[in-house]
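>>> Using only what follows, build the 3D model:
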Amino acid sequence: MKILLVEPCKAPATIGGEDVFLFEPLALEYVAAGVAQDHEVRILDLRLGNDLCEALEEFQPHVVGITSYTVHVNTVKSLFDETKRWNPATLTVVGGHHATVVPEDFHTPSIDLVVTGEGVFAFQEIVRRFEKKQDFEGVAGVARLNGGQLVRADNPTSVDLDDFPFPERRLTVKDRKHYYSEWMQPLASIRTSKGCPYRCSFCALWKLTEGRYLRRKPEKVVEELAGIEEEFVFFADDESLVDAARMKTLAAMIREAGIRKRYFLYGRSDTIARNAELLELWRDVGLERVFVGLESFRDEDLGHIRKGSHVGDNERAVEILHDLGIEIYASFIVRPEFTRKDFRAFRHYTRQLGIRLASFAVLTPLPGTELYGEVRTQMITHNYDYFDFIHTLLPTALPLKDFYREFSDLYRKAIPLGKGLAFLSKYPWREIPGTLVKSVQIRARMRKAYMDYEEGREELAAGHYG
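Sure thing, here's the model as predicted:
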């Protein structure tokens, strides 16, 4: 059979996404690996300007599978509508993060099956049954329409990441040169773990593993790394460093194997603050940058989101990474309640840290999180196109126009000019003009984000919500 797996692009209203970074479709490469030996499989990355209708006509697939984060829900449902218009007999399957946390959102006639949780073996079984013209009742982790109702089969009770095949990267060969994050291009991705032992209220990832931290054996990670051609490698983990002993072993094995890559991974500030020697080991085997969720400049705000770390951890982590010469990708959260005074204090704090790159996200209640359950009735929009961490979903203390003026200024002023120019020096010279233009364009969209709220625009702009 012919199987088309699709990575969706962002909606026109969504800010950021592939305009800022573009990681390889690792989840689809995993799914493809489960069926590629017995079927003809293609991966279509719509973020790169490809066209679904054209691919359907040319490839004539029997099965179409699409992955989805929350921000993609509306787009994905439209893609499935397009698929069914092309051929109603095509089996349509949705999976991914949002399908796992809110499968009911894909309760639509154009979607035949919803895969929740890890999809490799579920999709493998779906394809086997479809080929044999069998029904899908009881397939673990699969929800289906039955009599107008969405009927779910429970997910497998245990997950061993080492049971999964290596991602089928051969299916993205023609696209791999386009995957990047800032200067790191082409950038490959690898998963070494899943889950997180912490309980941040704005994150659903720990819930997907019921609070467990799942690990791959270092030997399997090294084996996969050895087969990756790209110089830059991103660790697509929820938190890569939390098991310090395992990561020390992995660093030693990478060194012994003679693998030389330039790595980018996630790490909590308190993990880094407790494990300076671990970061030094990783620096020596190629760790070039760490994405650190510093989140805030106040312990009060960190407590509000139940981060489990403190501002002192943030400052110690920054100090350690600076001393080691490891680039810091600092991520912060802006609360909708911020006043002008809060924004000014945030800018001052960030500038004092001496970092060269910072991103700011508006506190976003994603479905599946504790935060979503707490504030759902207060939300001013439920349009998934706006779940991009830029559009506020909650009332702001400032009028929206003023909030977004302050928010865009935070991006513009939080990094001193000299630090920003030093960061740009990491890019190839030919890419710097385009990077600057893109940055200006995105900030301009942020500044005007208040205009995107079509319903009750006057009340929203005035900061009044019923």
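>>> Now the residue positioned nearest the centre of the chain: closest residue in space, sequence neighbours ignored.
The residue lying closest to the centre of the chain (C-alpha atoms, centre = their mean) is Y69, at 7.9 Å. With sequence-adjacent residues excluded and distances taken as C-beta to C-beta, 6 or more residues apart in numbering, Y69 is closest to H97, at 5.2 Å. (Glycine included, C-beta is placed from N, CA and C.)
>>> just I272 next, same as before
A317 (3.9 Å).
>>> my guess is the residue nearest to Y69 contacts S68, does it?
Yes. Using C-beta atoms under 8 Å, H97 makes contact with S68 at a distance of 7.2 Å.
>>> Of those two, which one has the most company?
Between H97 and S68, counted using other C-beta atoms under 10 Å, the more crowded position is S68 (26 against 19).
>>> returning to that earlier point: what's the spacing between the residue nearest to the centre of the chain and V101?
Separation of Y69 from V101 (C-beta to C-beta, to the nearest Å): 10 Å.
>>> all strands of the stretch 101-250 of the chain, in order?
Assigned by DSSP state E, counting those that start in this stretch, the strands in the stretch 101-250 of the chain fall at 113-115, 142-146, 149-152, 180-181, 187-190, 193-194, 214-215, 232-235.
>>> What lies in contact with the helix or strand hosting D402?
Secondary structure from DSSP states H and E places D402 in helix 400-413. The contact list for helix 400-413 (C-beta atoms under 8 Å, 6 or more residues apart in numbering) reads 334, 336, 338, 340, 343, 346-347, 350-351, 360, 362, 392, 396-398, 443-444, 446-450, 453, 460-461, 463.
>>> Equivalent analysis for stretch 423-436, please.
Contacts of stretch 423-436 (C-beta under 8 Å, 6+ apart): E182, W183, E327, R356, L357, I415.
>>> Just confirm the fourth one contacts L421, I think it does.
No. Shown here, R356 and L421 do not form a contact pair, counting by C-beta under 8 Å, at 9.2 Å.
>>> which one of the two has more residues nearby?
R356 (21 against 12).
>>> which one of the contacts of stretch 423-436 sits closest to T116?
For those, the residue nearest T116 by C-beta to C-beta is E182; the value is 33.1 Å.
>>> so what's that closest one up against?
Going by C-beta under 8 Å, 6+ apart, E182 touches F21, L357, K426, Y427.
>>> what about the helices in the stretch 151-300 of the chain?
Here the stretch 151-300 of the chain has its helices, by DSSP state H, counting those that start in this stretch, at 205-208, 218-226, 244-257, 269-274, 276-285, 299-304.
>>> Quickly compare these and say which is most buried.
Neighbour counts (mean count of other C-beta atoms under 10 Å) averaged over each of these peak at helix 269-274, with a mean of 22.
>>> helices and strands around that one, which ones?
Other helices and strands packing on helix 269-274, by 3 or more C-beta pairs under 8 Å, 6 or more residues apart in numbering; DSSP states H and E, are strand 287-295, helix 311-324.
>>> Quick one: closest of these to S189.
strand 287-295 (12.8 Å).
>>> Direction included, what does that closest one pair against?
If you go by DSSP bridges, strand 287-295 pairs up with strand 262-266 (parallel), strand 327-334 (parallel).
>>> pLDDT averaged over the last one - what is it?
The average of the pLDDT scores along strand 327-334 is 97.
>>> Of the helices of the stretch 151-300 of the chain, which is nearest L48?
Ranking the helices of the stretch 151-300 of the chain by proximity to L48 (C-beta to C-beta) places helix 218-226 first, at 23.9 Å.
>>> May I have the closest one exported as CSV, CA atoms only?
This file holds the C-alpha atoms of helix 218-226, laid out as CSV (Å, rounded to 0.1, in the frame of the first residue of the first chain):
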residue,chain,number,x,y,z
PRO,A,218,23.0,5.0,26.0
GLU,A,219,24.1,2.2,23.7
LYS,A,220,21.1,2.7,21.4
VAL,A,221,21.5,6.5,21.4
VAL,A,222,25.2,6.2,20.4
GLU,A,223,24.3,3.6,17.6
GLU,A,224,21.7,6.0,16.2
LEU,A,225,24.0,9.0,16.5
ALA,A,226,26.6,7.2,14.5
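>>> which helices and strands does that helix pack with?
Applying 3+ C-beta pairs under 8 Å, 6+ apart, we find helix 218-226 packed against strand 187-190, helix 244-257.
>>> quick one: average pLDDT of that helix?
Mean predicted lDDT for helix 218-226 stands at 98.
>>> One more: stretch 233-253?
With pLDDT averaged residue by residue, stretch 233-253 scores 97.
>>> what about the helix or strand where Y30 lies, distance to the chain center?
Element membership for Y30 (DSSP H and E) is helix 26-33. Distance of helix 26-33 from the chain centroid (C-alpha atoms, centre = their mean, to the nearest Å) equals 16 Å.
>>> got any ranges where the stretch 51-200 of the chain has weak pLDDT?
For the stretch 51-200 of the chain, the stretches with pLDDT under 70 are 157.
>>> make it 90
Applying pLDDT under 90 to the stretch 51-200 of the chain flags the ranges 138, 144-159.
>>> residues contacting S201?
Neighbour list for S201: H304, I305, R306, T369, E370, L371, E374 [criterion: C-beta under 8 Å, 6+ apart].
>>> Kindly indicate which of those lies nearest F234.
The closest of the contacts of S201 to F234 turns out to be T369 (C-beta to C-beta; 23.6 Å).
>>> Test my guess that the closest one contacts L208.
No. Using C-beta under 8 Å, T369 is not in contact with L208, being 11.1 Å away.
>>> quick one on the thing from earlier: PyMOL command to pick out the buried ones of the contacts of helix 400-413?
Remark: buried members of those, expressed as a PyMOL selection using 16 or more other C-beta atoms under 10 Å:
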select buried, resi 334+336+338+343+346+347+350+360+362+392+396+398+443+446+447+449+450+453+460+461
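>>> picking up where we left off before, among the strands of the stretch 101-250 of the chain, which is the most enclosed?
Among the strands of the stretch 101-250 of the chain, judged by mean count of other C-beta under 10 Å, the one packed with the most neighbours on average is strand 113-115 (a mean of 26).
>>> Which elements pack onto it?
The helices and strands touching strand 113-115, judged by 3+ C-beta pairs under 8 Å, 6+ apart, are strand 91-95, helix 120-131, strand 142-146.
>>> Would you indicate which residues of the longest helix along the chain are buried?
The longest helix of the chain (DSSP state H) is helix 432-447. Using 16+ other C-beta under 10 Å as the test for burial, helix 432-447 gives S439, I442, R443, R445, M446, R447.
>>> Let me see the contact set for K194.
Contact analysis of K194 by C-beta under 8 Å, 6+ apart lists V159, L161, L208, T209, Y213, L214, D237, D238.
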